[in-house]
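Enquirer: Structure for this input, please:
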Amino acid sequence: MEQRMNAPARRGGSSFEEISRKTTDEVLKKLKTTTKGKAALGALGFSAVFLALIWAVVEYIFGGQVDFLFIAMEIVHFFGILVLVRKLIKEKSCEGLSLRSQELTAAFLVSRVVSGALFEGNHHTLLDTLTLAVTGVVIYQMRTSLKATVDHKNDMSRSGVLMYILAPCLGLAVLVNPGVKMHLGLIAWLCNVLWAFSTYLEAISVIPQLMVMKHISDSVGFFERKSTADYVFALGITRFLACASWIIQPSTFGYVVAVTMSGRLWAFFTLVAEIVQTFILADFCYYYIKSIADGSGLVQFNNLV
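Expert: This next block holds a predicted model:
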């Protein structure tokens with residue numbers, strides 16, 4: 001499989017290989033001599049400390065009644081998409097960015113906002129709405145002024161998204177959902193399905209994006225750590241925060257076991273979705289951090305897709 005994917009790069013002859021190798025070496029040498037990697041690593045450490053301090057303050061003031069980690073997840077996701085907006089405005093290009101992943105992100109956010117408005121209607125719904133609005137700006141730019149730069153060749157096809165992502169998530173949502181009882185009849189059932197659909201879809205919505213990055217990495221040997229990679233890493237941070245929320249609340253596992261043993265599978269499938277999303281992003285995040293540590297700015301990774 002790997003040989004077939006690399007075949008087009010070999011057809012160009014030895015001269016192409018020499019130019020490609022020379023260009024790669026020049027980029028590596030240039031990037032390794034800069035201090036941006038160390039600066040980024042420092043910013044990452046500062047951000048972690050800053051979030052920890054805010055968490056401590058919130059815990060002290062509100063006595064642990066505010067789900068700070070989940071709020072932090074949504075804020076990080078929001079700013080991650082703002083990074084993409086900046087990329088589109090500054091670079092005037094969608095290079096390395098998956099339109100399908102952005103559409104899937106919008107789909108699970110719409111589902112969550114609609115169902116959340118009836119289930120919760122709190123600050124989570126507001127943050128999701130803001131993230132949806134920014135995602136809409138990204139999609140609009142990719143479909144209009146920057147349409148010519150969209151990487152349709154490496155991106156997932158519409159039929160592939162429908163068959164392998166949307167249909168399975170919707171089918172599973174119909175079968176396994178929260179089952180919250182509300183006096184709204186069919187609307188309540190639809191809200192339950194939409195909430196479950198958003199949970200399952202969020203877990204795998206990044207797959208088309210990782211596929212695009214993997215194709216680029218396979219063709220040139222690396223993926224440059226720029227805005228798109230920063231965005232995906234932001235998604236990885238949201239997974240880290242989600243895992244932290246599970247770890248610091250061990251009683252949650254007991255709840256999942258108890259509910260599952262009673263015959264309701266929703267809690268178990270929610271945990272599985274969290275684990276799947278974490279593993280999908282873990283490989284990329286490892287190589288992203290490695291690229292910061294060595295100062296190269298080049299992400300060389302082998303992901304699960």
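
Enquirer: Flag the shaky bits of the chain, pLDDT-wise.
Expert: The model of the chain has pLDDT under 70 over residues 1-67, 121, 182-183, 222, 224-225, 250, 296, 301-305.

Enquirer: Report the central residue of this structure.
Expert: Centroid-nearest residue in the chain, with CA atoms, centre = their mean: L235, separated by 3.9 Å.

Enquirer: all helices for the stretch 151-300 of the chain, in order.
Expert: 158-161, 167-175, 186-204, 207-220, 227-247, 251-261, 266-293 (DSSP state H, counting those that start in this stretch).

Enquirer: Make TSV from those and add distance to L84 to it.
Expert: For glycine as for every other residue, the C-beta is placed from the backbone atoms N, C-alpha and C. Shown next, in TSV, are the helices of the stretch 151-300 of the chain (distance: least, CB to CB, whole Å):
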stretch	distance to L84
helix 158-161	19
helix 167-175	23
helix 186-204	17
helix 207-220	10
helix 227-247	5
helix 251-261	32
helix 266-293	16
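
Enquirer: Show me the one of these that comes nearest L69.
Expert: Among the helices of the stretch 151-300 of the chain, the nearest to L69 by CB to CB is helix 227-247 (4.1 Å).

Enquirer: what about dumping the CA coordinates of that closest one to CSV?
Expert: Extracted in CSV, the C-alpha atoms of helix 227-247 (Å, rounded to 0.1, in the frame of the first residue of the first chain):
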residue,chain,number,x,y,z
SER,A,227,-2.0,26.9,10.7
THR,A,228,-3.7,23.7,9.7
ALA,A,229,-1.5,21.6,11.9
ASP,A,230,-2.0,24.1,14.7
TYR,A,231,-5.8,23.6,14.3
VAL,A,232,-5.6,19.8,14.4
PHE,A,233,-3.3,20.1,17.5
ALA,A,234,-6.0,22.3,19.1
LEU,A,235,-8.4,19.4,18.6
GLY,A,236,-5.9,17.2,20.3
ILE,A,237,-5.8,19.5,23.3
THR,A,238,-9.6,19.3,23.6
ARG,A,239,-9.2,15.5,23.8
PHE,A,240,-6.5,15.9,26.5
LEU,A,241,-8.9,18.1,28.5
ALA,A,242,-11.7,15.5,28.0
CYS,A,243,-9.5,12.7,29.3
ALA,A,244,-8.6,14.9,32.2
SER,A,245,-12.2,15.4,33.1
TRP,A,246,-12.8,11.6,33.1
ILE,A,247,-9.7,11.1,35.3
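
Enquirer: What residues sit buried inside that helix?
Expert: Within helix 227-247, the residues that count as buried by 16 or more other CB atoms under 10 Å are 227-242, 245-246.

Enquirer: ok, now stretch 112-123?
Expert: R112, V113, V114, S115, G116, L118, F119.

Enquirer: Equivalent analysis for stretch 75-86, please.
Expert: The neighbour-count check on stretch 75-86 (16+ other CB under 10 Å) flags I75, V76, H77, F78, G80, I81, L82, V83, L84, V85 as buried.

Enquirer: sorry, back to before: L175: which of the buried residues of stretch 112-123 is nearest?
Expert: Nearest to L175 among the buried residues of stretch 112-123, with distances taken as CB to CB, is S115, at 16.7 Å.

Enquirer: Phi first, then psi, for the closest one.
Expert: In terms of degrees, to the nearest 10, the main-chain angles of S115 are phi -70, psi -40.

Enquirer: likewise K92?
Expert: With angles defined as degrees, to the nearest 10, K92 shows backbone torsions of phi 50, psi 40.

Enquirer: Mind checking which of the buried residues of stretch 112-123 land in helices?
Expert: Cross-referencing these against helices under DSSP state H gives R112, V113, V114, S115, G116, L118, F119.

Enquirer: okay if I get those as CSV plus distance to T199?
Expert: Output for those, formatted as CSV (distance: CB to CB, whole Å):
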residue, distance to T199
R112, 8
V113, 13
V114, 14
S115, 10
G116, 11
L118, 16
F119, 12
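
Enquirer: So which of the buried residues of stretch 75-86 are in helices?
Expert: I75, V76, H77, F78, G80, I81, L82, V83, L84, V85.

Enquirer: could you redo those residues as JSON lines and give each row distance to Y286?
Expert: Putting these into JSON lines (distance: CB to CB, whole Å) gives the following:
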{"residue": "I75", "distance to Y286": "23"}
{"residue": "V76", "distance to Y286": "18"}
{"residue": "H77", "distance to Y286": "20"}
{"residue": "F78", "distance to Y286": "24"}
{"residue": "G80", "distance to Y286": "18"}
{"residue": "I81", "distance to Y286": "23"}
{"residue": "L82", "distance to Y286": "24"}
{"residue": "V83", "distance to Y286": "20"}
{"residue": "L84", "distance to Y286": "22"}
{"residue": "V85", "distance to Y286": "27"}
